[in-house]
Structures are given as C-alpha cells and as structure tokens.
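Participant: Next input, structure requested:
(2 chains)
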2 protein chains.
Amino acid sequence: MPTAAIVGAGLIGQGWAIVFARAGWQVRLFDAEAERTAQARMLVVRQLHALQTHGLARDADAIAQRVHIAATLEEALAGAAYVQENCPEVVELKRERFAAFDALADPTAILASSTSSIPASRFTEHLRSRHRCLVAHPVNPPYLAPVVEICGAPWTDASTVARAREILASVGQRPVEVRAEIEGFILNRLQGALLQEAFRLVRDGIASVEDIDTTVKDGLGLRWSFMGPLETIDLNAPGGIADYCARYGGMYASIAATQAQPPDWTEDLVGQLARERRAVLPEKDLAPRRFWRDEQLMRLMRHKQPSGDTNA
Amino acid sequence: MPTAAIVGAGLIGQGWAIVFARAGWQVRLFDAEAERTAQARMLVVRQLHALQTHGLARDADAIAQRVHIAATLEEALAGAAYVQENCPEVVELKRERFAAFDALADPTAILASSTSSIPASRFTEHLRSRHRCLVAHPVNPPYLAPVVEICGAPWTDASTVARAREILASVGQRPVEVRAEIEGFILNRLQGALLQEAFRLVRDGIASVEDIDTTVKDGLGLRWSFMGPLETIDLNAPGGIADYCARYGGMYASIAATQAQPPDWTEDLVGQLARERRAVLPEKDLAPRRFWRDEQLMRLMRHKQPSGDTNA
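Facilitator: Below is the predicted model:
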C-alpha cells in the first residue's frame, strides 16, 4: 500500500490522515510541535470510531493502525507518494515547508498544500520540484465533505494535476480543478457571492437571518446537496440550461444590476447578524451545536452513499 | 376541517392541493380550462402514491379523497379559509383572478398568489380586500421543498401576513417573510448571486460546469441543506458569526471587488454551458434525469424527517 505524509497535525491534518488511512494508505503524521502528534493521533482514533458508528468506516481500529506518528520530517517523507502540508496560513511557513519537501521528499511525490488563501506560486517558485507542487484545498472535515480544490501554479505540470486528481479520487474525495490562481478558488467565491446577497438582504431589512437560512435549507440547498446549481437549472426548463437562460436570463440580469455594490460588513451590520443568531442560538450553545452539525453531516453522508458502500 | 381553494390546476396548483390535503384540509381544485382539472386530479393521486412509497404520506387514497374538483370558481371559493392562485405569470390574468376573489371569496379568507415575479401591489391595488392579499411563492414541488416566500403589498395587513405564516406552517411548509416587494424575493436573489459567479467562472475558464456542481454538491451544499449559509458561518469560527466576519471579511471583500460586474449571458457563454451539460447528460436523458431528481429529493426529505414523523 502507498504512503501519504501528512505534515501539520491540526484539525485539517487529522482529517487528511483519516481520509488516506480509511482508503487503505499508510499514513505518517508529522508536526513541528512534536507534542501535538500524540494528541492528534488520539483524536483521529476517536473520530474513526464515530465514523464507524455512522456506517462511514468499517473497522476503526484497523484503520487507526495505519496512522503512524513520524518523529522527524525526514521519517514522514521517506517513501511517501503523496505529501499534504497543513501548517498555518503564513506564506513564510509554507515556503520553509516546501523547501524542506524539495530537499527530502521522494523525487516523484506529489507535494500538496491545504491552503485556502495562498496561491502555490507564492511558495514554490524557486524550488527544483516546483512542477509537482500544487494546492489541494479541502473542506473541513475532508473525510465528510469530499470536495478538494486542486490549483497548480503556472509551472505545475499538467500531469501532476492529473495524478493528484487521480490519487484524491482513489481515496474517496471529489477533486475539482481551479484552472488559474484566483482568490477564493471556486468554493469560497461561490460562497462569498451568496453571503454578500444574504448580508445585503439583512442590511436592507428585507429578510431575517433565520428566514434566509430557512430559504436555503428548506428550498435552494435541497437540490444543491445532490446535484449542484447548474444541473439544477439544467433540469428546471423543458429544453435544458439554454432554455432556462432564455426564460429567466432577463430576471437574473435585472436582479444582478441591484447586486453590483457589495454591502460593507460594518460593525452595525455584523452586530445585527450576531444579535439575530445569538437570539436563536446563545453563545454557550455554539459548541454543542457543532457536535449536532457534525452528527447531521455524518447522517447526510451516510444517506448519500449507495447502500452497503462504506469505505474499508 | 378547513377548506383551501386552489385556483389554477397546473403543476404548482397540483402541488398545493397535495400540501393542503396531506395536512388534513379539504381542497377544492379549479381551473378556467375545465378539462384540465380531471387530469390534474389524476396526477395528484399518482404523486400521492409516490409520496406514500417514500414514507412521505401515510394514506394516499384517504388524502386523495379530500381533493375535490370544483366546476366553478364560486364553488371553489365557497367557505374556503385560504385561496391560492396559480395562473400564468401575466399581470392581467392575476388582476382578473383577484378581482373575482374580491367579489366571491369569504370575507376573511387569505388570498394568496404563487407568482415568482409579479409583486402583489400590481394586481391588488383597487380591491376592497387588498389588505388580505399577498404573494405566497412556493418552490416546485411544494410538497417536497417546503419553503414558501410570503410577500405582502404595502397595504397588506400585518395580521394577514402572520395568519398566512401560521396556516402554511400548520400544513408542513416553512414560510419565510420578504419584508418589502423586491425582485426575485429571497430565494431567486440568493440563487442569482451564486449563478452569476458560476457563470463568471465558466466564462473566464477557471472551472468546468461539472466541477462547479461538484464543489456545491460535495462541499458547500452539504451543510446548507440542513443549516443554511448563515448558521454555517456562525459555527465556522470559535466565537460565532461576528468572529467569522472579523477573520474572513477581508477575503470576502477582496473577492467581492472582482464580482461587481455580472457576466453577460451571451450566446457564446450559454452555448458553452449547454455544451458542457449535454456532454454529461444528453438531451434525450433530461426527462429520465428529472425522475431521478424527484426520487433523490423524496429520499432526502424522508431522510430529513425525524424518524416516524410522516404527515397524515
């Protein structure tokens, strides 16, 4: 079985360890702060058991045995076919890590960063191995939300991108390709567009925070959770997406004309959003609600799986 | 049991008939083209049996017996506490219908329109009963996607809005309030904002149509389908939504600055969207795929129900 090196053992690193180990890979988990790895491994084991309870992993103990702590970066990287970096979002730190990968990793290993905000070109330019470096940005936690955004630097080989897609798909993820370095990649750009309109509706007194959430969770978000927005409109007109655009393009253009100016996220506006949320969910209930969310996400992912199809 | 008059027996009218009858109401279904109602009732019965198969209705035959065909508008309206109009999106037609409601409906009945695009003020201004007229815009089909956007005219009584919310919630819908007449209400404004960014990403060669759908259905859309976008960000920072805005507001502002200009839905762009969709789903498969979608939606809604909780 191939080996993945997971560098950085915070929440995201733990998530990646679960993804690869669950798919049968050997995992070497490394963190610059050595004391974090033992705790990280414990959290991985606990999470694997939760996944098993929900039918999302078959044998948590067997999977956990494939997650090894590496005492040094060298040990983590030795023989790894895939390296995933998960250090804080600081460009200097990324540069250091990738320079170390450049020196120590297998000459054919894929070198991937989990960054959501720093393009690969900013920390790989001067590396010998820059053609096999890229961003592989997951959603947290990656073992439940499978999309991974792959975005190379201008010098990343097309074959590296293709191999990263292949590897990530083989471990159960859903890789998508961001074809140019663009802020927010795909996911946060789509999320940002929708959030700006949500904030605008609240600012202008058109809708409450709760009603906006209801509109998505009991309306828009239902089909989006199994089809996405473009297949949704493709099926919403007799002749498909072109027919849809012909019928509703005018309405959307007219709406868009009123959405050009993004609302400022002022103290007033953010304060109102926070007040409305805290009225529904007091601050002390944030933490338990996150457990509820993770539970719901696990139930949903189990629901989305073809019956009987759990990962090993 | 109270009675609902459903005026206009197309797809949306059929959907409303199912919603009210499933919740125990008597339903009177009327269409200006009398020959449509018999076929509409047949389709309602067929759909009720599909819902029963999926655990989303208990006794399809008993529910169907509450759906009556009304031979005249007078007969449909007599004694109805709630009237839902579903005629084509033509303002003159809405004016005619609502003038007839004004003359014939019970003096306390709620008079609602399913329109997605015409504000109530354009077809109720001169009516005696204009204070109890409003838009109640459903998602299709309303018996599966429960959100309903309620939007009054400036002269609609607050008590009418409150009563409409109450009635619609009591039949299993999730009413939300649009507090001012605004194009696209909430749902299509949010959808439009996200679609414009999706179209932009395709136009600029950043992402394929398929990868955009994957990003939503295997990423963003998962939490949105049970929490909505604002609760999602509220839980995505330790201190809640205000903390989230402080951490990521800069990134979203920077992204928004590049989203100000909506992409023109040119022939070229729409052509590309259609080509990419037709490569994934040939035109002849659109109709069967719609059955698949409805099946998925029924499975999802059954999944979302607390176990054992089906409507009567």
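
Participant: For the stretch 201-312 of chain A, which segments are assigned as helices?
Facilitator: A:209-215, A:221-224, A:229-235, A:241-257, A:267-280, A:286-304 (DSSP state H, counting those that start in this stretch).

Participant: among the ones you listed, which is nearest chain B?
Facilitator: helix A:209-215 (2.6 Å; CB to the nearest CB). All C-beta spots, glycine's among them, are computed from the backbone N, C-alpha and C.

Participant: What are the buried residues along that closest one?
Facilitator: Using 16 or more other CB atoms under 10 Å in any protein chain shown as the test for burial, helix A:209-215 gives A:209-215.

Participant: so where's the stretch 151-300 of chain A uncertain?
Facilitator: By pLDDT under 70, the stretch 151-300 of chain A has no low-scoring segment.

Participant: List the beta-bridge partners for residue A:5.
Facilitator: Note on residue A:5: beta-bridge partners residue A:28, residue A:83, judged by DSSP bridges.

Participant: what's the burial count for it?
Facilitator: For residue A:5, the neighbour count with other CB atoms under 10 Å in any protein chain shown is 30.

Participant: contacting residues for it?
Facilitator: Residues in contact with residue A:5 (CB atoms under 8 Å, 6 or more residues apart in numbering or on different chains) are A:28, A:30, A:70, A:76-77, A:80, A:82-84, A:105, A:109.

Participant: Same check on residue A:32?
Facilitator: Counting by CB under 8 Å, 6+ apart, residue A:32 touches A:8, A:87.

Participant: check which helix or strand covers it.
Facilitator: Following DSSP states H and E, there is no helix or strand that holds residue A:32.

Participant: so how far is chain B from it?
Facilitator: Using CB to the nearest CB, to the nearest Å, residue A:32 is found at 23 Å from chain B.

Participant: Could I get the contacting residues of residue A:148?
Facilitator: Contacts of residue A:148 (CB under 8 Å, 6+ apart): A:136-139, A:142, A:168, A:173-176.

Participant: taking the residues you listed one by one, which sit in strands?
Facilitator: A:136-138, A:174-176 (DSSP state E).

Participant: from these, which are also near chain B?
Facilitator: A:174, A:176 (CB under 8 Å from any CB of the partner chain).

Participant: Adding neighbour count, write the ones in strands among the contacts of residue A:148 out as JSON lines.
Facilitator: Formatted as JSON lines, the ones in strands among the contacts of residue A:148 follow (neighbours: other CB atoms under 10 Å in any protein chain shown):
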{"residue": "A:136", "neighbour count": "27"}
{"residue": "A:137", "neighbour count": "24"}
{"residue": "A:138", "neighbour count": "25"}
{"residue": "A:174", "neighbour count": "18"}
{"residue": "A:175", "neighbour count": "20"}
{"residue": "A:176", "neighbour count": "26"}
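
Participant: quick one: which of the ones in strands among the contacts of residue A:148 is nearest to residue A:37?
Facilitator: Within the ones in strands among the contacts of residue A:148, proximity to residue A:37 (CB to CB) peaks at residue A:138, which comes in at 19.5 Å.

Participant: give me every residue that touches the closest one.
Facilitator: A:12, A:15-16, A:114, A:145, A:147-148, A:173.

Participant: how about 7 Å then?
Facilitator: Taking CB atoms under 7 Å, 6 or more residues apart in numbering or on different chains, we find residue A:138 in contact with A:12, A:15, A:114, A:148.

Participant: which of the residues you listed has the most neighbours?
Facilitator: residue A:148 (31 neighbours).

Participant: isn't there a helix covering it?
Facilitator: No: if the criterion is DSSP: H, G, I helix; E, B strand; the rest coil, then residue A:148 is strand and not within a helix.

Participant: gap between it and residue B:214?
Facilitator: To residue B:214, residue A:148 is 10 Å away according to CB to CB, to the nearest Å.

Participant: For those two, list the residues in contact with both.
Facilitator: Joint contacts of residue A:148 and residue B:214 (CB under 7 Å, 6+ apart) are residue A:174.

Participant: hang on, residue A:199 packs against residue A:272?
Facilitator: No: in this structure residue A:199 lies outside contact range of residue A:272 using CB atoms under 7 Å: 9.7 Å.

Participant: Give me the more crowded residue out of the two.
Facilitator: More crowded of residue A:199 and residue A:272, by other CB under 10 Å: residue A:199, with 25 against 17.

Participant: Checking that one next. Helix, strand or coil?
Facilitator: helix.

Participant: if I pick it, what's in contact with it?
Facilitator: Here residue A:199 is in contact with A:263, A:265, A:269 (CB under 7 Å, 6+ apart).

Participant: Most neighbours among those, please name it.
Facilitator: Within the contacts of residue A:199, residue A:265 tops the neighbour count with 21 neighbours, counted by other CB under 10 Å.

Participant: ok, and the closest non-adjacent residue to it?
Facilitator: residue B:249 (4.6 Å; CB to CB, 6 or more residues apart in numbering or on different chains).

Participant: Neighbours of the nearest residue to residue A:97 once chain neighbours are set aside, how many?
Facilitator: Distances taken as CB to CB, 6+ apart put residue A:85 closest to residue A:97, at 5.1 Å, once the chain neighbours are dropped. Residues lying near residue A:85 (other CB under 10 Å) number 26.
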